[in-house]
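# Starting from these lines, generate the structure:
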Amino acid sequence: MESSEALNSVDAAMKKAVEHTSSEFTSIRTGKASPALVENLDVSVPSYGSVMKLKGLAVITSPEPRMLLVQPFDPTTTGDIEKAIRESKLGLNPVNEGIKLRLPIPELSEERRVELVKNVKAMAEEGRISIRAARKEGMDAGKKMKSDNTVTEDGQRDFEAEVQALTDKATKDLDALVTAKEKEVMTV
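Reported below is the predicted structural model:
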């Protein structure tokens, strides 16, 4: 493997870790209604014999700033969707209106905001672990290229410096996302 291929691979893995963490952050509620809050919720549908994402079972809209409306494609799945929302860690209490569900988004208490910030930090740590794993793969690739005589010792050192620079950049991007999400959650 050439050093440029290895660097591209490491860079792609780190960007993917940051993007995944960013998409995970959308499930953290901030007090305003957003379809992203529930769209990736797993719903067990016995009549279909599978577990599906909510966005595959219903249209999710936000008709008001503090309200989500979930309209299932198949009205028989309304009860399954309601159950999944109640059992989730989101703390939402859906109102079943027969063929649709209303999800009022309550105001967050200070205690709940602090708890959500802890969740954000836990998700960020998972992202950092992924970044560190990509860094380790990059460093191992550098050592392998050196042992295969693909690069010189100086080339290995330069390669490892580039991997570290990519790691620093990805970590900085992740930290910026955490800071922004933390501010969003704590803003009343």
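# hey, let's count contacts and neighbours off CA atoms from now on
Fine.
# Let me know the pLDDT of residue 31.
Predicted confidence (pLDDT) for residue 31: 63.
# tell me the pLDDT at the residue nearest to residue 36 when sequence neighbours are not counted?
Taking Cα to Cα, 6 or more residues apart in numbering as the measure, residue 36 lies nearest to residue 26, with 5.8 Å between them; neighbours along the chain are not counted. Listed pLDDT for residue 26 reads 78.
# now residue 95
Among the per-residue scores, residue 95 shows a pLDDT of 89.
# Could you do the one 4 residues further on as well?
Listed pLDDT for residue 99 reads 87.
# Surely it is in a strand?
No - the assignment for residue 99 (DSSP: H, G, I helix; E, B strand; the rest coil) gives coil, which keeps it out of a strand.
# Tell me how far it lies from residue 91.
22 Å (Cα to Cα, to the nearest Å).
# what does residue 3 give?
For residue 3, the distance to residue 91 under the criterion Cα to Cα works out to 48 Å.
# And these two? Which one has more around it.
Legend: neighbour count by other Cα atoms under 10 Å for residue 3 and residue 91, higher for residue 3 (19 against 13).
# quick one, what contacts the more buried one?
Residues in contact with residue 3 (Cα atoms under 8 Å, 6 or more residues apart in numbering) are 142, 145, 159.
# same check, this time on residue 163
Contacts were defined as Cα under 8 Å, 6+ apart; by that measure residue 163 touches 7, 10, 135, 138, 139.
# go with 10 Å
If a contact means Cα atoms under 10 Å, 6 or more residues apart in numbering, then residue 163 has 6-8, 10-11, 134-139, 142, 157, 169 as its contacts.
# repeat for residue 97
When contacts are taken as Cα under 10 Å, 6+ apart, residue 97 is in contact with 71, 78.
# backbone phi and psi for it, please?
phi -110, psi 30 (degrees, to the nearest 10).
# That one and residue 76: what is the separation?
According to Cα to Cα, residue 97 stands 13 Å off from residue 76.
# so what's residue 56 up against?
Under the criterion of Cα under 10 Å, 6+ apart, the neighbours of residue 56 are 39, 40, 42, 43, 72, 73.
# excluding its backbone neighbours, what's nearest residue 22?
Nearest residue to residue 22, sequence neighbours excluded (Cα to Cα, 6+ apart): residue 177, at 7.0 Å.
# Oh, that last question was meant for residue 51, not what I typed.
Leaving aside its chain neighbours, residue 51 sits nearest to residue 44 (4.3 Å; criterion: Cα to Cα, 6+ apart).
# burial measure for that neighbour, as a count.
The local packing count at residue 44 equals 18, with neighbours defined by other Cα under 10 Å.
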